[in-house]
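Asker: Sequence first, then the predicted structure:
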Amino acid sequence: MAITVTLKYAKANRLRFLIDASAGNGETSAISGATLLAAAQGGPIKNILNVKTQGYGKLAAGANVTQAIARALLLSDDAASVVGEKVPTAICRVSQRSGTGTIIVDADVDGGDAAMPELNVTAVAAGAASAYLDIEIPGAIGA
Amino acid sequence: MAITATLKYATPNRLRFLIVASVGDGEDVDIAIEEYAERGPMKQLANALTTGYGKIAAGAELTQAIARALLQSDDAEAIVGEGVSTAMCHITGRSGGPLVADATIGADGATLSVNVAAPGAAASGYLDIEIPGAIGA
């Protein structure tokens, strides 16, 4: 009765995690901003995660991260208006590997201090499931 | 009562298949990479076991761990090596129930393949096998 998240691949523009849900039915796990930052090899992903400490695009250093900002940075949701035009932002893709459950992902604020974005993965249907979660910066040079 | 995989797009770094599962309920299909990779990084990767690739020696026995490292970039750095291009599979549903994809060793136990299954209802979707960051489309 657990959902696990394991880093499988890390480059400057791409992180791949294996998500393994043993039961489904809403079991969920957060991938914290600190976990993402530790996995990031540098480049745009690292810059995105350091948004509060050093700013990013339109977002000034020191500003609190909101869910709208987290979604803009990690899901490219309204990225042009929130982060700025032509500023690299990430997208997340889930590709299921096994099972009858369904795994979904969303971005949110990490913890109470609104310092970093994080990702939440959830196995929404009944049944075990595994999937790869890719966090990537499309079109950036390098793997 | 069948699941089909039809090649729709092919470049040196990317293969796209249309998967159509008429029934679901666990029906599955194996896609042998060597049958579709024509050149470039995808071809080199498909030939990993015959010509060697990164840390993988020519003639090595194909295991699911190696298949996952080559085709899903799953622990690729440890198994294939740093800076060696490896692929990732992505499934995008088009209609119906879910589709799942995993790297496997094929029915004969020796063919680098992607297995796609429809564990629920009838379904269709696209399977992309792509090598991120490689030059070319």
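Answerer: Received, thanks. Computed from a predicted structure; not experimentally measured.
Asker: do whichever strand or helix holds B:D102 and chain A meet?
Answerer: Applying DSSP states H and E as the criterion places B:D102 in strand B:100-104. Yes: applying CB under 8 Å from any CB of the partner chain, one finds strand B:100-104 touching chain A at B:100-102. From N, CA and C alone the C-beta is placed, and that goes for glycine too.
Asker: Give me the contacts around that strand.
Answerer: Residues outside strand B:100-104 that contact it (CB atoms under 8 Å, 6 or more residues apart in numbering or on different chains): A:95-99, B:30, B:64, B:67-68, B:70-72, B:74, B:89-91, B:112-119, B:127.
Asker: 6 Å instead?
Answerer: Strand B:100-104 is contacted by residues A:96-98, B:67-68, B:71-72, B:89, B:91, B:113-117, B:127 when judged by CB atoms under 6 Å, 6 or more residues apart in numbering or on different chains.
Asker: what about B:I66, is that helix, strand or coil?
Answerer: State at B:I66, reduced to three classes by DSSP: H, G, I helix; E, B strand; the rest coil: helix.
Asker: Touching stretch A:111-131 from outside, list them.
Answerer: Residues contacting stretch A:111-131 (CB under 6 Å, 6+ apart): A:3, A:19-22, A:24-25, A:27-33, A:49, A:52, A:64-65, A:70, A:73-74, A:94, A:96-108, A:110.
Asker: returning to that earlier point: ranking the residues of strand B:100-104 next to chain A by neighbours, who comes first?
Answerer: Most neighbours among the residues of strand B:100-104 next to chain A, by other CB atoms under 10 Å in any protein chain shown: B:A101, with 28 neighbours.
Asker: so how far is the strand holding B:D102 off the chain centroid?
Answerer: With CA atoms, centre = their mean, to the nearest Å as the basis, strand B:100-104 stands 7 Å off its chain's centre.
Asker: What is the subsequent helix or strand relative to it?
Answerer: Taking DSSP H and E, what comes next after strand B:100-104 is strand B:113-118.
Asker: The helix or strand following that following strand to strand B:100-104, inter-axis angle?
Answerer: As assigned by DSSP H and E, the chain's next helix or strand after strand B:113-118 is strand B:123-130. Here the directions of strand B:123-130 and strand B:100-104 differ by 40 degrees (axes from the mean of the first three to the mean of the last three CA atoms, to 10 degrees).
Asker: tell me what strand B:123-130 is packed against?
Answerer: Applying 3 or more CB pairs under 6 Å, 6 or more residues apart in numbering or on different chains; DSSP states H and E, one finds that strand B:123-130 makes contact with strand B:14-21, strand B:88-96.
Asker: Among the ones you listed, which comes closest to chain A?
Answerer: strand B:88-96 (4.6 Å; CB to the nearest CB).
Asker: Show me the contacts of stretch A:111-131 that map onto helices.
Answerer: Judged by DSSP state H, helices contain the following of the contacts of stretch A:111-131: A:33, A:49, A:52, A:70, A:73-74.
Asker: just for the chain, where's the confidence low?
Answerer: As the question left the chain open, I've gone with chain A. A:1, A:112, A:140-143 (pLDDT under 70).
Asker: Sorry, I should have been clearer: chain B.
Answerer: Filtered on pLDDT under 70, chain B yields the residue ranges B:1, B:134-137.
Asker: I'd like to know how far the residue nearest the centre of chain A sits from A:Q67.
Answerer: Nearest residue to the geometric centre of chain A (CA atoms, centre = their mean): A:L119, 4.3 Å. With the distance defined as CB to CB, to the nearest Å, A:L119 ends up 12 Å from A:Q67.
Asker: what about the helix or strand where A:K8 lies and chain B, any contact?
Answerer: For A:K8, the host element (DSSP H and E) is strand A:3-11. Yes: counting by CB under 6 Å from any CB of the partner chain, chain B is contacted by strand A:3-11 at A:8-9.
Asker: What are the contacting residues of that strand?
Answerer: Outside strand A:3-11, the residues that touch it by CB under 6 Å, 6+ apart are A:16-21, A:27, A:29, A:31, A:39, A:41, A:123, A:143, B:73-76.
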